[in-house]
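*Asks:* how would this look folded up:
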Amino acid sequence: MVTRFPRRLAVVFALLASLVLAVSACSAPDEEGGEGGPIQVNTPQGPVMIPSTPTRIVTLGSQWIDTALAFDVTPVAYLDQSEILTKKSSPWVGDKLERSTSLSMENMVAEIAKADPDLILAEGFMATAQPEMYAKIKEIAPTIPGVTGKQVDPWEDLVTLFGTITNKADKAKEITDRVNGAIDQVKTDLPGLEGKTYSLAYMYSSEQIQVMADPSDGAGVLFGQLGLKVAPKLAAAFAKNQQPRFPISTENVPMLESDFLVVTTGNEAMHSELVKLPGYKNLSSVKDGAVANLSLAEITGLNQPTPLAIPYLLDQLRPQLERVANTR
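*Replies:* Numbers count the residues shown, from 1 in each chain. Okay, the predicted model is just below:
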């Protein structure tokens, strides 16, 4: 819940960690631009008070980075795990962070303090998986530790929150409408996607493949908007284990049976191993040419959708989506 004082109007942004928060009132800032008054944001870790409209924002994680950039706001400093691993920016980011400071994992707290932020936007896992780090960071400046308590925050919720705390509610609506318009256009162009199945996988070792199986989490929401459903065997496993993402052994490649396969292996050597695995060539997606081999940055953009990543990835996946839509 967000409250703007002294009028104490409420704005709802998030579910608590239990995902059952009930709210009854909602409002946006009184006007665009200008110096805003204090805002209280209720997060899964408790209320966070933001004294005034922030101008020096640190973003920790790709979702917050992309959200800020979608508003044409350059963070003063940022942490992008994908960039750290790949040594380059995501293709939809390009050179937009040239004027921002890239943070290191080793000295992150000190580097954040040096950036002198008035707001820190972090992904939700930090507070639970790195409580000591989170405790240090929130002493530097008001820190939002995720929005919904879900493993992956819905991109629309991040856009709405960012628009409110920066007095850019109209811009938030514009961004949301534009991205949803791109999604709706694909669904309109490719009605044959309705009811087809997909698998999302990351082969990170010779023995295991990480899969995504929760239709209400991350990429599952985006694919669901297109009419796609989780691969039957992965859906059955999720129904049993209730884990949105889980590893399977490479001998269980047949669990990836679906109309559409989105996969990354990180490097060519691992990709060569993947295509040689027993059962891989027999997958319907492989036979139909409906396999999208993505980079680590690209599959991260699917796993953690953002207003910048979604339009880019829809274009990248268009050839495979067309094949899926045209198969029986």
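*Asks:* helix, strand or coil for residue 49?
*Replies:* strand (DSSP: H, G, I helix; E, B strand; the rest coil).
*Asks:* Now do it against residue 157, distance only.
*Replies:* 20 Å (Cβ to Cβ, to the nearest Å). From N, CA and C alone the C-beta is placed, and that goes for glycine too.
*Asks:* other SSEs contacting the helix or strand hosting residue 144?
*Replies:* In this assignment (DSSP states H and E), residue 144 forms part of strand 143-145. Under the contact definition 3 or more Cβ pairs under 8 Å, 6 or more residues apart in numbering; DSSP states H and E, strand 143-145 sits against strand 39-43, strand 119-122, helix 131-137.
*Asks:* do you know which of those lies nearest residue 309?
*Replies:* For the helices and strands packed on strand 143-145, the distance to residue 309 is smallest for strand 119-122, at 16.6 Å, taking Cβ to Cβ.
*Asks:* Tell me the buried residues in that closest one?
*Replies:* Buried residues in strand 119-122, counting neighbours by 16 or more other Cβ atoms under 10 Å, are found at 119, 120, 121, 122.
*Asks:* how about these in CSV, adding pLDDT?
*Replies:* Converted to CSV, these look like this (pLDDT from 0 to 100):
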residue, pLDDT
119, 97
120, 97
121, 97
122, 93
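*Asks:* Now distance to residue 78 too, for those residues, in JSON lines please.
*Replies:* Shown next, in JSON lines, are the buried residues of strand 119-122 (distance: Cβ to Cβ, whole Å):
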{"residue": "119", "distance to residue 78": "13"}
{"residue": "120", "distance to residue 78": "11"}
{"residue": "121", "distance to residue 78": "10"}
{"residue": "122", "distance to residue 78": "11"}
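*Asks:* with those residues in mind, which one is nearest to residue 172?
*Replies:* residue 121 (14.5 Å).
*Asks:* Show me this structure divided up by domain.
*Replies:* 2-178, 190-326 (automatic domain parsing).
*Asks:* okay if I get the ones you listed as a markdown table plus distance to residue 184?
*Replies:* Listed next are these as a markdown table, based on distance: least, Cβ to Cβ, whole Å:
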| stretch | distance to residue 184 |
| --- | --- |
| domain 2-178 | 10 |
| domain 190-326 | 8 |
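*Asks:* Ranked by average pLDDT, which of the ones you listed falls at the bottom?
*Replies:* Of all those, the minimum mean pLDDT falls on domain 2-178 (a mean of 82).
*Asks:* that older thread, what's the next secondary structure element after the strand holding residue 144?
*Replies:* Taking DSSP H and E, what comes next after strand 143-145 is helix 155-165.
*Asks:* Output the contacting helices and strands for that next one.
*Replies:* Secondary elements touching helix 155-165 (3+ Cβ pairs under 8 Å, 6+ apart): strand 2-4, strand 39-43, helix 62-70, helix 169-189.
*Asks:* Could I get the phi/psi values of the residue lying closest to residue 247 once chain neighbours are set aside?
*Replies:* Nearest non-adjacent residue to residue 247, counting by Cβ to Cβ, 6 or more residues apart in numbering: residue 208, 4.5 Å away. When read as degrees, to the nearest 10, the backbone of residue 208 gives phi -140, psi 150.
*Asks:* How about the one 4 residues further on?
*Replies:* In terms of degrees, to the nearest 10, the main-chain angles of residue 212 are phi -110, psi 130.
*Asks:* same deal with the one 10 residues further on?
*Replies:* Listed backbone geometry of residue 222 is phi -60, psi -50, with angles given as degrees, to the nearest 10.
*Asks:* Please work out how many residues are found near it.
*Replies:* 19 (other Cβ atoms under 10 Å).
*Asks:* Isn't it up against residue 303?
*Replies:* No - shown here, residue 222 and residue 303 do not form a contact pair, counting by Cβ atoms under 8 Å, at 10.1 Å.
*Asks:* quick one: stretch 306-314 to chain centroid distance?
*Replies:* Averaged C-alpha coordinates place stretch 306-314 at 10 Å from its chain's average position (Cα atoms, centre = their mean, to the nearest Å).
*Asks:* Got phi/psi on residue 256?
*Replies:* Dihedral angles for residue 256 - degrees, to the nearest 10 - are phi -90, psi 10.
*Asks:* Name the nearest residue to it, ignoring sequence neighbours.
*Replies:* Residue 256 sits nearest to residue 199 (Cβ to Cβ, 6+ apart), 4.3 Å away.
*Asks:* for residue 280, same thing?
*Replies:* Nearest non-adjacent residue to residue 280 (Cβ to Cβ, 6+ apart): residue 253, at 5.3 Å.
*Asks:* With residue 245 instead?
*Replies:* residue 212 (5.2 Å).
*Asks:* and if you look at residue 153?
*Replies:* Using Cβ to Cβ, 6+ apart, the closest residue to residue 153 is residue 147 (4.7 Å).
*Asks:* what about the one you found, how many residues close to it?
*Replies:* The burial count for residue 147: 25, using other Cβ under 10 Å.
*Asks:* who touches residue 214 in this structure?
*Replies:* If you count contacts by Cβ atoms under 8 Å, 6 or more residues apart in numbering, residue 214 has them with 220, 230, 238, 243, 244, 245.
*Asks:* Please tell me how far the second one sits from residue 201.
*Replies:* Pointing back at residue 230 there. Counting by Cβ to Cβ, the gap from residue 230 to residue 201 is 12 Å.
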